[in-house]
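Trainee: Quick one: sequence and predicted model below, then my questions.
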Amino acid sequence: ELPARVRIYEVGARDGLQNEKATVPTEVKAEFVRRLADSGLTTIEATSFVHPKWVPQLADAEQLFPLVSDLGRSSGVHLPVLVPNERGLDRALALGARHVALFASATESFAKANLNRTVDESLAMFEPVVSRAKAGKVHVRSYISMCFGDPWEGPVPIHQVVRVCKALMDMGCDELSLGDTIGVATPGHVQTLLAELNEEGVPTSALGVHFHDTYGQALANTLAALQHGVTTVDASAGGLGGCPYAKSATGNLATEDLVWMLQGLGIDTGVDLARLTATSVWMAERLGRPSPSRTVKALSHK
Ligand code: HMG
Ligand code: MG
């Protein structure tokens, strides 16, 4: 049985833009976030409070967040931001962020490449972030990257993923997002991982899925997750994205492709597909290249 409603967790402004070669002006980013909210998205990851040398594309987080934070207060839109450590949390809290997202790794190679830490060192780095955020009633998500395959290590054993997920839940995270960072997952693998997590005490209600579309499996993987009871799905408007520290990562599942499928299944998302498509076409013009989303192409060539 499929869920009646799905929460789309929009990552285009963060996962999408962090990987663009072109520098996108701060005002354009702010307008992108506003247009995403206008199209009915209610959870829009805005930016990252990471080291500016590591992700120069999002070095304007201090300037951007105040340009959009009124959306959180007036329209009830959630604007999560990435924070890797206490320094990131301090920066986010100083601007009034109420939703933060950590990013852990299921593999040692990616923990080193993305966080300059071992898996356990990164979990230790997150612990005070979670406890301080929770004390301040700030919502905490954590991503787990490389849940299926890793560009250096190959297929990732499920027990490695389960261990990191359990540690993050024990720490007090409110929700987790299972990242297929390089887009190698297939539906059977998704269902096996979800079942194993349940078996180990991690409830489906705490789990979201984060697919990249490298092999064109992102929608199939999403359907497999919905059939398992998952109701939070990450997606990126126009299919923007990738990851600067995982070379083989291509774009995220496009939000338009997701909405098209969910509409067909009669699942409510609250998103106006025409408005969203217009936003992605607008953003693609700013980036100087067409959206890779099949749905954006189909709907914008009428
Ligand atoms: P490090 O070099 O080990 O940092 O980097 P450190 O703790 O040794 O500190 C070194 C200096 O950086 C210090 O300054 C800190 O203050 C400063 P100094 O005292 O030398 O002058 N610093 C900071 N400055 C600003 N903001 C901060 C911050 N932290 C330290 N937050 C660090 C460690 C985690 C900072 C670095 O590795 C980093 O910023 N990594 C971010 C990588 C990233 O953003 N990757 C993309 C997001 S993850 C992703 O895309 C995957 C996802 O989509 C899911 C999926 O698809 O799998 C989420
Ligand atoms: Mg990602």
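Mentor: It's in. Ligands and ions are numbered 1, 2, ... in the order given.
Trainee: Poorly predicted segments of this protein, please.
Mentor: Scanning the chain for pLDDT under 70 picks out 242-249, 302.
Trainee: Run a quick neighbour tally on residue 158.
Mentor: Number of residues near residue 158 (other C-beta atoms under 10 Å) recorded here: 18. (Glycine included, C-beta is placed from N, CA and C.)
Trainee: Same question for residue 7.
Mentor: Neighbours around residue 7, by other C-beta under 10 Å: 16.
Trainee: Show the backbone phi and psi for residue 271.
Mentor: phi -100, psi 140 (degrees, to the nearest 10).
Trainee: same thing with residue 232?
Mentor: phi -120, psi 120.
Trainee: any idea how far residue 198 is from it?
Mentor: Residue 232 sits at a distance of 15 Å from residue 198 (criterion: C-beta to C-beta, to the nearest Å).
Trainee: Ok, residue 45 next?
Mentor: 26 Å.
Trainee: Which one's more surrounded, those two?
Mentor: residue 45 (25 against 14).
Trainee: ok, which residues in the stretch 1-150 of the chain are in contact with ligand 1?
Mentor: 15, 18, 48-51, 54-55, 82, 84-85, 87-88, 91, 103, 114-116, 143, 145 (C-beta under 6 Å from any ligand atom).
Trainee: Inside strands: which ones of these?
Mentor: Judged by DSSP state E, these include 48, 82, 103, 143, 145 as members of strands.
Trainee: give the contact list for the second one.
Mentor: Neighbouring residues of residue 82 by C-beta atoms under 8 Å, 6 or more residues apart in numbering: 14, 45, 47, 48, 49, 50, 88, 100, 101, 102, 103.
Trainee: Farthest pair within the residues you listed?
Mentor: Maximum pairwise distance among those (C-beta to C-beta): 14.8 Å, between 47 and 102.
Trainee: Would you state the helices of the stretch 101-250 of the chain in chain order?
Mentor: Using DSSP state H, counting those that start in this stretch, the helices of the stretch 101-250 of the chain run over residues 108-115, 119-135, 158-171, 187-199, 218-227.
Trainee: is it possible to export those to TSV including distance to residue 239?
Mentor: Output for those, formatted as TSV (distance: least, C-beta to C-beta, whole Å):
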stretch	distance to residue 239
helix 108-115	22
helix 119-135	28
helix 158-171	25
helix 187-199	19
helix 218-227	9
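Trainee: Quick check: which of these is nearest to residue 75?
Mentor: Using C-beta to C-beta, the nearest of the helices of the stretch 101-250 of the chain to residue 75 is helix 119-135, at 22.8 Å.
Trainee: Not counting the closest one itself, show me its contacts.
Mentor: With C-beta under 8 Å, 6+ apart, helix 119-135 has contacts from 83-86, 88-89, 100, 102, 104-108, 111, 115, 117, 139-140, 142, 164, 167-168, 171-173.
Trainee: residues contacting the closest residue to ligand 1 within the stretch 101-250 of the chain?
Mentor: Nearest residue of the stretch 101-250 of the chain to ligand 1 (C-beta to the nearest ligand atom) works out as residue 179 at 2.6 Å. Residue 179 makes contacts with 103, 143, 144, 145, 146, 147, 210, as judged by C-beta under 8 Å, 6+ apart.
Trainee: No further queries at this time; thank you.
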